[in-house]
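Enquirer: When you get a sec, could you give me coordinates for this:
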Amino acid sequence: MQPRSALSTHSVDQAETQIHILAACLEFSSPALLDDYVRWISNLPKAVSPIQYDISSFLEELIRIVETQFPSDVTSVVKTFIDRAIDSLRDEPTEGAALSSGSHPHKSLQRDYLAFLLATRRNDALEIVLQAVGLGVDIESIYLHVIQPTQQELGRLWETGKISVAQEHYCTAATQFVMSQLQPYFFRDHSSGKTLVATCVGDELHEVGLRIVADLFEVSGWNSVYLGANVPAESIAQSIIANGAQVLAISTTMTQHLFKLADVVSVVRANPGCENVKVVVGGYPFNVDPFLWKRVGADAHAIDAKAAIQVANQLAGSESQAPENRPQRSISQSIEENIPMVFGESDDDLSRLNNSLITVQRKLTKANVELAALNKANQEKADSLEQAGRRKDEFLAMLAHELRGPLAPMELAVALLQMDDLRPSIVAEARETMKRQLHQMSHLISDLLDASRIAHGKIELKKETLDLAAVIHRAVEIVHPLIQDKAQELTLDIPAAPIKLIGDEIRLAQIFANLLTNASKYTDREGSIWLSIRRVRDQVVVKIRDNGVGIEADLLPNLFIAFTQEQRSRQYSMGGLGLGLSLVKQLVELHEGTVKAESEGAGRGSLFSVTLPSLEEQEDVQNIELNETQEAEMDQPSRRVLIVEDSAGIARMTAILFKKLGHLPEIALDGGTAIKKYKELQPEIVLLDLMLPDMSGLEVTQEIRRLDLNNATLIVVLTGHGDDEHRQLAKESGCDEYLVKPVDVRDLKELATHPKLMTTKDSR
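Expert: Here you go, the predicted structure:
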């Protein structure tokens, strides 16, 4: 049996964290940080780290992986760092700077405070602190000799496994509460007129250290704006500008968060208005590596709160700062020298009121940041509503266009059926056209009703046990006319054995019919579509793939949004209400399934996958191929008419009508073919749709006018767009007439005797 590797016994989260730590140490050239981390984690007790492993084995295996994945120069650097860290484990442990264990005036207070926290007696902990303040203990002493050592002791108790993470978190939260109650007692002998902005980076659970720093800056006369953790860099810069801050203090305790810290420094440096702000960094990594602050782009680093105040005063150009060769006075000494020992009641109230106002100001600053975020969120909502309004307007325009679409061929078919001496085949085709267009209109209306029902939660599924193959065949029958019309090949890969599932047969057929219709719409004539079914454990996956125009990456996120017309490419767009894919997603979710779209980009086809719960395994697979083509028959009547229409069905019905009227029609299904046929046939009438797969109808018009030197050709727009804007554009491009679908057959008859044709007849 092969031994399990260090990586295989490692949790993914642990491995990822340690790789991020290694990356930070490499990025900021700090082998000391990696050495310290390796020693620390190897000494954690089992109670703290229940997953035991050999850290050196993990690092050695990591080197082997790096050697196979990266160039030799990269491997060499990584190996140097890791070898040094592993060697540090073999050395005698180096004693770090121990916490001061000597006695101080408030040692008993600190001991009692910690005992109350560990006993979950938060109110008692607060009470003894407030009593001490009432007896004259200054805030600086409370912070430096009670709160700060208590937090350090809590960390030590956790690392040695004597308290749980939950206990440590409770004690920290309780201390934050105590600190919030101390703010009204911040006595200040002067106001320095300087402002500090303080923030943490990364997912810091404990911000007490930085809050101590911010509060002690308040005590020393600074106006401190405490932002907390995980504030966006731009918001930090805005806060610096808004408050006129001279110093930004950034803290982190985790090595892997150095990347974020450096990013914050970089963003602030680059932000107009923050050019003169000084950046002071602090936290455990900077205490381990005393030169790390330079590599993250800061101006200085401080080992604790008192050092931070001293450094900040120097950076901000404090005139009261003593020379470096003189010992610094404590804040309490400064207060004692400048404030009478006994305050009168009015002075005391006034001082507390002043500091209460400062506390309110800090809260207002935080509220301003939150308000800015709220304003941004509201702006995003407003933009979303505006976009929804645009989609609604586009949808209403598309609805009018799409409802006119089926009426046009129906009008033509009715006109044909009113004529005498029609061949039975033409009568049958006219009836079939009317049937198809009625079905299309019914489909549009059904989509609208379904969207409304789903939106109001009124749709009810009639679930039963179904054979998925039967559902697929029903969907294929619905889409068959469209696939046939475009001479496309549909290949079905369906298991021979039944695949059972619970669902509504009509709605499931609607799902797959919509997806097949979508695939056909965005696939060229004679293109290919594949539908396959595969079982994956207790689910069945239906994939519909095509070799069509594909989907641009920026369109994928909004593909299933209601009332968004799926314009993958305007030249391939075939209309629709933009409801099909939205209904697919909602109906699939009602069946407890999922649907997703994939594409490698424009021209690379698309893949839609529907995953549904199934009841039983699949067995053999059968292949069904559907490949049908349709050819148009053309006679040779007298008037030459070029019909430019991307819908083969509409184009054919129009051609038959013109043939019965005594003309010679020709069909072009795209702009390029239209221009080619114009050169060959020199038609007298061009009947032109505006929406073509490869170019717009207006572009076709402009090219024809360039070729038509005598301006003899009658160009007639036949479209579903009835607005003035499209009419004006058509006129400016050189179109003679503008007909809106559905068109009266009499209007088409009159084209043969159009004044332009009658006056230019002799000159052609």
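Enquirer: Run through who's touching stretch 532-541.
Expert: 468-469, 472, 492-495, 499, 501, 542-543, 545, 609-614, 617-618 (C-beta atoms under 8 Å, 6 or more residues apart in numbering). (C-beta placed from N, C-alpha, C; glycine too.)
Enquirer: how does it look with 10 Å?
Expert: 468-469, 472, 491-495, 497, 499-501, 542-545, 592-594, 609-619, 621, 623 (C-beta atoms under 10 Å, 6 or more residues apart in numbering).
Enquirer: In ChimeraX, select just the buried ones from these.
Expert: Buried members of those, defined by 16 or more other C-beta atoms under 10 Å, are picked up in ChimeraX with:
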select :468,469,472,492,494,495,497,499,501,542,543,544,545,593,609,610,611,612,614,618
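Enquirer: Tell me which entries of the contacts of stretch 532-541 lie within helices.
Expert: Among these, the members found in helices (DSSP state H) are 468-469, 472.
Enquirer: Going by distance to residue 689, which of the residues you listed wins?
Expert: Relative to residue 689, the closest of the ones in helices among the contacts of stretch 532-541 is residue 472; by C-beta to C-beta it sits at 33.1 Å.
Enquirer: Where does the residue nearest to the closest one when sequence neighbours are not counted sit: helix, strand or coil?
Expert: Nearest residue to residue 472, sequence neighbours excluded (C-beta to C-beta, 6 or more residues apart in numbering): residue 512, at 6.0 Å. Classification of residue 512 by DSSP: H, G, I helix; E, B strand; the rest coil places it in helix.
Enquirer: Quick one: residues contacting residue 512.
Expert: Going by C-beta under 10 Å, 6+ apart, residue 512 touches 468, 471-476, 478-479, 531, 542, 544, 584, 608, 610.
Enquirer: Quick one: the strands in the stretch 151-300 of the chain, in order.
Expert: 195-200, 223-229, 247-251, 278-282, 300-301 (DSSP state E, counting those that start in this stretch).
Enquirer: With mean pLDDT and distance to residue 87 added, can I get the ones you listed in JSON lines?
Expert: What follows is the strands of the stretch 151-300 of the chain, written out as JSON lines (pLDDT from 0 to 100; distance: least, C-beta to C-beta, whole Å):
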{"stretch": "strand 195-200", "mean pLDDT": "90", "distance to residue 87": "33"}
{"stretch": "strand 223-229", "mean pLDDT": "84", "distance to residue 87": "35"}
{"stretch": "strand 247-251", "mean pLDDT": "94", "distance to residue 87": "31"}
{"stretch": "strand 278-282", "mean pLDDT": "94", "distance to residue 87": "29"}
{"stretch": "strand 300-301", "mean pLDDT": "92", "distance to residue 87": "27"}
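Enquirer: For residue 419, find the nearest of these.
Expert: Minimum separation from residue 419 across these (C-beta to C-beta) falls at strand 223-229, 80.4 Å.
Enquirer: Leaving out the residues flanking it, which one is nearest to residue 165?
Expert: Counting by C-beta to C-beta, 6+ apart, the residue nearest residue 165 is residue 158, at 6.8 Å.
Enquirer: what's the answer for residue 150, then?
Expert: residue 114 (4.9 Å).
Enquirer: and the one you found, that one's in a helix?
Expert: Yes - counting by three-state DSSP, residue 114 is located in a helix.
Enquirer: since we're on it, how many residues are nearby?
Expert: Residue 114 is flanked by 20 other residues according to other C-beta atoms under 10 Å.
Enquirer: That one and residue 277, how far apart?
Expert: Residue 114 is 37 Å from residue 277, where distance means C-beta to C-beta, to the nearest Å.
Enquirer: repeat for residue 429
Expert: Applying C-beta to C-beta to residue 429 and residue 277 gives a distance of 79 Å.
Enquirer: Between those two, which is the more surrounded one?
Expert: Comparing residue 429 with residue 277 by other C-beta under 10 Å, the one with more neighbours is residue 277, at 22 against 18.
Enquirer: Quick check, that one in contact with residue 245.
Expert: Yes - at 6.1 Å, residue 277 counts as touching residue 245 under the criterion of C-beta atoms under 10 Å.
Enquirer: Please enumerate the shared neighbours of these two.
Expert: By C-beta under 10 Å, 6+ apart, the residues touching both residue 277 and residue 245 are 195, 197, 316.
Enquirer: Only whichever of those residues are buried, select them in ChimeraX.
Expert: To isolate the buried ones among the shared contacts of residue 277 and residue 245 in ChimeraX, judged by 16+ other C-beta under 10 Å, type:
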select :195,197,316
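Enquirer: Name the nearest of the shared contacts of residue 277 and residue 245 relative to residue 41.
Expert: Of the shared contacts of residue 277 and residue 245, the one sitting nearest to residue 41 (C-beta to C-beta) turns out to be residue 197, at 33.2 Å.
Enquirer: who are the neighbours in contact with residue 748?
Expert: By C-beta under 10 Å, 6+ apart, the contact set of residue 748 is 411-412, 415, 641, 654, 657-658, 661, 663, 685, 687, 716, 718, 739.
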